[in-house]
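Participant: fold the stuff below for me.
(chains A and B)
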Number of protein chains: 2
Amino acid sequence: MRVFGIDCGTEYTGWGVVEMDEVSLQRELVPVAAGAIRLDKKQKTAERLLRVHTELMALLAAYEPTVVAVEEVFFSANAKSALKLGQVRGVALMAAAASGLLVAEYAPLSIKSAVVGYGLAAKEQVQFMVARLLDLERAPEPADAADALAIAICHIHTSQTLEMQGRR
Amino acid sequence: MRVFGIDCGTEYTGWGVVEMDEVSLQRELVPVAAGAIRLDKKQKTAERLLRVHTELMALLAAYEPTVVAVEEVFFSANAKSALKLGQVRGVALMAAAASGLLVAEYAPLSIKSAVVGYGLAAKEQVQFMVARLLDLERAPEPADAADALAIAICHIHTSQTLEMQGRR
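Facilitator: The predicted model follows:
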């Protein structure tokens, strides 16, 4: 299983690819790649959104994941920022569908629980654990790339749990 | 000038094409086409967004507008609905950029002012005036299609005003 995690944002959209090595008996998590698409504030919104979409399409074609995982969004922030985030999220979800991939959504609480073991963990703890679980010297930067890897790891853990429970 | 108006929505996304006949001395508004993309609630969000994008890309290629006009969004509603609307708006704006078109945004108040002459006009008044300005027997349905035409008319009126003021 190869998971492409996306952490949507209006400034940086992080992405990270994690593979579950099914052959090894330990079923190891293997980091494949991670990065972030930085949006140029000087560009018009429509151009920026096209850029996010084009880059994600290229990354999905290059890394050939089996599934895409994104964060569910629960907002306490204002509607204006929700609309802007929604615009980025829309082109990201669409890129997954255009690549013929299913999208799995995970609540922030589930992602933190899967990675740190504690749903209310701090951002730094998530990054520390991402590096540790993927056997990296340090968490990839920017933080959005590490967050995208955390989403991918969450999907792998969730799938394993469901599998062990005989539900998959 | 041929304007493609888009009225983004999570259930229906209306679209409408209006042309300004530059040859006629009266500079008439000519209705070209209008309709709405209805989203299937049974489909997954990513699939729905892909559908909106694919249909808009086909419509933009078919009607070859010179510009795309959309409504600016000012929200008093909750963040959850703003996020959902943002997702649709994102793929719509991206379709314009992918078609090489500029996007003009108009506030709801400006659209109503341009069509009805009164910024706080009721939805029914907008529809009545759209039919009248475009010399149609009645406003196109669903209402989202008429709203998209109103956005296109607003762009034409605004451009004319700017032109008369020598700013274009």
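
Participant: any idea which residue of chain A lies closest to chain B?
Facilitator: Proximity of chain A to chain B (CB to the nearest CB) peaks at A:G86, 2.0 Å away. For the C-beta atoms, the positions are set from N, CA and C on the backbone; glycine is no exception.

Participant: which residues sit in contact with the nearest residue to that residue once chain neighbours are set aside?
Facilitator: Setting aside the residues directly before and after it, A:G86 is nearest to B:G86 in space (CB to CB, 6 or more residues apart in numbering or on different chains), at 2.0 Å. For B:G86, the contacting residues are A:82-87, A:89-90, taking CB atoms under 8 Å, 6 or more residues apart in numbering or on different chains as the criterion.

Participant: A:I6 belongs to a strand, doesn't it?
Facilitator: Yes. Counting by DSSP: H, G, I helix; E, B strand; the rest coil, A:I6 is found in a strand.

Participant: hey, what's it bridged with?
Facilitator: With beta bridges defined as DSSP bridges, A:I6 has these partners: A:W15, A:V70.

Participant: so for it, what's the pLDDT?
Facilitator: A:I6 carries a pLDDT value of 97.

Participant: I'd guessed it sits against A:T13; true?
Facilitator: Yes. Counting by CB atoms under 8 Å, a contact exists between A:I6 and A:T13, whose distance comes to 6.7 Å.

Participant: would you mark the buried spots in stretch A:28-36?
Facilitator: With burial defined by 16 or more other CB atoms under 10 Å in any protein chain shown, the residues of stretch A:28-36 counted as buried are A:29, A:31-32, A:34-36.

Participant: and the biggest helix by length in chain A, how far from the chain's centre?
Facilitator: Ranked by number of residues, the top helix in chain A under DSSP state H is helix A:143-164. Its chain's C-alpha centre lies 8 Å from the corresponding centre of helix A:143-164 when counted by CA atoms, centre = their mean, to the nearest Å.

Participant: and it with chain B, contact?
Facilitator: No. Counting by CB under 8 Å from any CB of the partner chain, no contacts exist between helix A:143-164 and chain B, the nearest distance being 15.0 Å.

Participant: more neighbours, A:I6 and A:T13?
Facilitator: Counting neighbours by other CB atoms under 10 Å in any protein chain shown for A:I6 and for A:T13 shows that A:I6 has the greater number, 30 against 25.

Participant: so what's that one up against?
Facilitator: If a contact means CB under 8 Å, 6+ apart, then A:I6 has A:13-15, A:56, A:68-70, A:92, A:96, A:148, A:151 as its contacts.

Participant: B:R132: which of those is nearest?
Facilitator: Using CB to CB, A:A92 is the member of the contacts of A:I6 that lies nearest B:R132, at 41.4 Å.

Participant: what count of nearby residues applies to that closest one?
Facilitator: A:A92 has 26 neighbours, counted by other CB under 10 Å.

Participant: so it touches A:G14, yeah?
Facilitator: No. Look at A:A92 against A:G14 with CB under 8 Å: they stay out of range, at 10.7 Å.

Participant: tell me which element A:K112 is part of?
Facilitator: According to DSSP states H and E, A:K112 maps onto helix A:108-116.

Participant: and the next helix or strand after that helix, which residues are buried?
Facilitator: With elements assigned by DSSP H and E, the helix or strand that comes after helix A:108-116 is helix A:123-133. In terms of neighbour count (16+ other CB under 10 Å), helix A:123-133 has its buried residues at A:126-131, A:133.

Participant: neighbours around A:R89, how many?
Facilitator: With other CB under 10 Å as criterion, A:R89 counts 28.

Participant: residue contacts, the residue nearest to it when sequence neighbours are not counted?
Facilitator: Once flanking residues are discounted, A:R89 sits nearest to A:C8: 4.6 Å by CB to CB, 6+ apart. Residues in contact with A:C8, defined by CB under 8 Å, 6+ apart, are A:70-71, A:85, A:88-89, A:92.
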